[in-house]
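Undergrad: just to be clear, the model below is a prediction. Sequence and coordinates:
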Amino acid sequence: MPSSKKRYALVGTGNRGATMWGKDLVERWSNEVELVAVCDLNAMRAKRALEYIGTSVPVYTDFDELLRIETPDLVIVCTRDSTHDDLIVKALEAGANVISEKPMTTTVDKIKRILNAEARTGKRLDVSFNYRFAPTAAKIKELINSGAIGDVTSVDFHWYLDTSHGADYFRRWHAFVENSGSLFVHKATHHFDLLNWYLDSDPETVSAFADLKHYGRKGPFRGERCRTCRYKDECDYYLDISATPLFESLYEDPSTIDGYVRDACVFREDIDIPDTMVAAIRYRNGVNVSYSLNTYMPIEGHHIAFNGHKGRIELRQYEKQHWTTPPADEIVVMKNFSDVERIWVPYSSGGHYGGDDRLRNMLLRSGPNDELRQRAGSRAGALSVLCGIAALESSRTGQQVSLADIWGQDEGLNLLEARP
């Protein structure tokens, strides 16, 4: 009997690929998928990843060769953001469906290339927006949909990255716009997608400010990398990757092949992404959003509040900090001329408060319904990236930027014309 399992290939064997889309799938979704090959430009990293995953499959450094020989049903893309479009398009054209890590890609031209390929081939691209699947996010979406505060008129949304997670983006390839599109694209794609999903509308215009205030050339001293730095005893951002065996395995020896180190200095002078960002976003349905992202905070998490004609929904989600926090998320629903309702949402096991597992169940297992429309395809991926591109351009020019203007004229793609 032919197997009903999807034969999948993993492209990109860094930490995210080796864990969420590698070891986890092999151990816990083996009834649904079968890993048939991995691909990475660095063969040593790929082999180290397979050792961690605990399986033995062919390793490729040539993606075209993998597609030709293995003919996978599904390709999961976990590479550097700026390379996503090439891999996605090739996989779709080879007859595979694709799951891409966020962001879907980094430029307008690359977005169009992906959308055209998906339409041409009839295959499907999913973007791994796991925050949609977190139980707290799902509850907020239910409250908004139910009209708990009437029509939403504005949103306050502020995301905090701490001195561990936030700094990490400045140690790695993300620190350059060419690779990541900036954190307005790489990180905020999560946040803009959440807004688009919560509000069930599309962003129209963005006005933003962004600066490099803390990392890069703003640092007090700098070296090449933490392991060889003469300031390691006095630098608050010193990272010893040998303390994390998986990091040491995937990045240290493999760096002798491609030169990519996991502990590059956060104060490198050539870093060109901002670390302090704010944006005002106007939506098609008239909702106004105030957004910010800071990358060197003593806390990790976010604060979001929805203001409506009948009241306000507010959440302060704690992810990590140095003091004790509640063992669950508290959603506060404040209704005009009425009492306050406090809704406690328990944390779920798995990454991103259980969002990772729910996402994988939705994409890989038949049966889960999608009443909240959590599954995110190429349109969702495109709009979140476009919002980030518009924010970066606005921060550079000082002008309000319209998504329609940066999208331009393209009769074959009606991304901005209608929301399905």
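TA: Thanks, I have the structure now.
Undergrad: all strands of the stretch 51-200 of the chain, in order?
TA: Assigned by DSSP state E, counting those that start in this stretch, the stretch 51-200 of the chain shows strands spanning 59-60, 74-77, 97-100, 125-127, 152-162.
Undergrad: ranking these by burial, who's on top?
TA: Most buried of these, by mean neighbour count (mean count of other C-beta atoms under 10 Å): strand 74-77, with a mean of 28. (Glycine included, C-beta is placed from N, CA and C.)
Undergrad: run the chain-centre distance for that one.
TA: Taking C-alpha atoms, centre = their mean, to the nearest Å, one finds the center of strand 74-77 at 16 Å from the center of the full chain.
Undergrad: for the stretch 151-300 of the chain, what spans make up the helices?
TA: Along the stretch 151-300 of the chain, the segments classed as helices by DSSP state H, counting those that start in this stretch run 165-171, 177-180, 188-199, 245-247, 255-258.
Undergrad: surely residue 305 touches residue 312?
TA: Yes - with contact defined as C-beta atoms under 8 Å, residue 305 reaches residue 312; the gap is 5.9 Å.
Undergrad: okay, the strands of the stretch 51-200 of the chain in JSON lines with mean pLDDT and distance to residue 246 next?
TA: Converted to JSON lines, those look like this (pLDDT from 0 to 100; distance: least, C-beta to C-beta, whole Å):
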{"stretch": "strand 59-60", "mean pLDDT": "98", "distance to residue 246": "18"}
{"stretch": "strand 74-77", "mean pLDDT": "98", "distance to residue 246": "18"}
{"stretch": "strand 97-100", "mean pLDDT": "98", "distance to residue 246": "22"}
{"stretch": "strand 125-127", "mean pLDDT": "98", "distance to residue 246": "25"}
{"stretch": "strand 152-162", "mean pLDDT": "98", "distance to residue 246": "21"}
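Undergrad: redo those strands as CSV? Include distance to residue 382.
TA: Formatted as CSV, the strands of the stretch 51-200 of the chain follow (distance: least, C-beta to C-beta, whole Å):
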stretch, distance to residue 382
strand 59-60, 28
strand 74-77, 15
strand 97-100, 11
strand 125-127, 9
strand 152-162, 20
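Undergrad: and residue 20, which of those strands is closest to it?
TA: strand 74-77 (9.3 Å; C-beta to C-beta).
Undergrad: just checking, what packs against the closest one?
TA: If contacts are counted by 3 or more C-beta pairs under 8 Å, 6 or more residues apart in numbering; DSSP states H and E, strand 74-77 sits against strand 6-11, helix 84-93, strand 97-100.
Undergrad: picking that back up, name the stretch among the helices of the stretch 151-300 of the chain that sits most buried.
TA: Scoring the helices of the stretch 151-300 of the chain by mean count of other C-beta under 10 Å, the most buried comes out as helix 188-199, with a mean of 24.
Undergrad: could you figure out how far that one is turned away from strand 152-162?
TA: Computed by axes from the mean of the first three to the mean of the last three C-alpha atoms, to 10 degrees, the angle separating helix 188-199 from strand 152-162 equals 150 degrees.
Undergrad: now for the spatially most central residue of the chain: which residues touch it?
TA: Of all residues in the chain, the one closest to the mean position by C-alpha atoms, centre = their mean is residue 102, 3.8 Å from it. Contacts for residue 102 (C-beta atoms under 8 Å, 6 or more residues apart in numbering) come out as 127-129, 186, 189-190, 193, 381, 384.
Undergrad: save the helices and strands packed on strand 74-77 as TSV, and put in distance to residue 339 too.
TA: Converted to TSV, these look like this (distance: least, C-beta to C-beta, whole Å):
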stretch	distance to residue 339
strand 6-11	49
helix 84-93	48
strand 97-100	44
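Undergrad: what about those, which gets the closest to residue 108?
TA: Closest to residue 108 of those, according to C-beta to C-beta: helix 84-93, at 11.1 Å.
Undergrad: mean confidence for that closest one?
TA: For helix 84-93, the mean per-residue pLDDT is 98.
Undergrad: what number of residues lie near residue 323?
TA: 7 (other C-beta atoms under 10 Å).
Undergrad: same thing with residue 203?
TA: Residues near residue 203, counting by other C-beta under 10 Å, number 25.
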